[in-house]
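[1] After the sequence you'll find the predicted model.
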Amino acid sequence: MTLELYGGAAPAGIAELILDAMGHYGETETAEAKLLEAKKMAPGSLAVHFSLYKFYFYKKRLADAEQIARESLIEAARQGGFDPDWDHLDADSANWSNEAAHFYLFSLKALAFIRLRRGDESGCRRILDKLFELDSKDSVGASVIREIAAGAH
């Protein structure tokens, strides 16, 4: 069995760990242990990165969510063959519709939202400005975060 998640398919053993973590969501330590085991077994799995930063975000562990989102950017850039530092990127740095590059954009959006939730409105806006430079068609829906940030004033 594979599991299709944002970031791609998780292979059988990893999919089972993610599903088990989801089934134990209310048991934070158990769920986290399952996700960390999945990450240890498949450190390059973007689906695992996605699951882990979402888990931390929903558990309001924003520092942990930010750390994993940043690790996700590095891994997606490695897989996509481009610079992981978003300050160095432009619209021509990658084929942004490629799975790894698109995941990078999605994780950058997640990072913007995490920064906003952590009270860093200027950091959020800086990331959003870069996102709109890289993804002018808003394929990852960063405009939603921009609207939330605009209402945060």
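    Now that the structure is in, tell me what you want to look at. Residues are numbered from 1 along each chain as shown.
[2] Quick one: name whatever helix or strand follows the worst-scoring helix or strand of the chain on mean pLDDT.
    The helix or strand of the chain with the poorest confidence is strand 3-5; it has a mean of 69 (mean pLDDT, DSSP states H and E). Toward the C-terminus, strand 3-5 is succeeded by strand 8-10 as the next helix or strand (DSSP states H and E).
[3] For the next helix or strand after that next one, give me every contacting residue.
    As assigned by DSSP H and E, the chain's next helix or strand after strand 8-10 is helix 12-23. By Cβ atoms under 8 Å, 6 or more residues apart in numbering, the list of residues contacting helix 12-23 from outside reads 1-3, 5, 9-10, 30-32, 34-35, 37-38, 41-42, 45, 47-48, 51, 55. Using the backbone N, CA and C atoms, a C-beta is placed for each residue, glycine as well.
[4] avg pLDDT for helix 12-23?
    Per-residue pLDDT values across helix 12-23 average out to 92.
[5] Pull out the buried positions in it.
    14-15, 17-18, 20-21 (16 or more other Cβ atoms under 10 Å).
[6] can you redo these as CSV with distance to residue 150?
    What follows is the buried residues of helix 12-23, written out as CSV (distance: Cβ to Cβ, whole Å):
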residue, distance to residue 150
14, 38
15, 38
17, 38
18, 34
20, 39
21, 34
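[7] and the one helix or strand residue 149 maps to, which residues are buried?
    Using DSSP H and E, residue 149 sits within helix 142-151. Going by neighbour count (16+ other Cβ under 10 Å), the buried part of helix 142-151 is 142, 145-146, 149.
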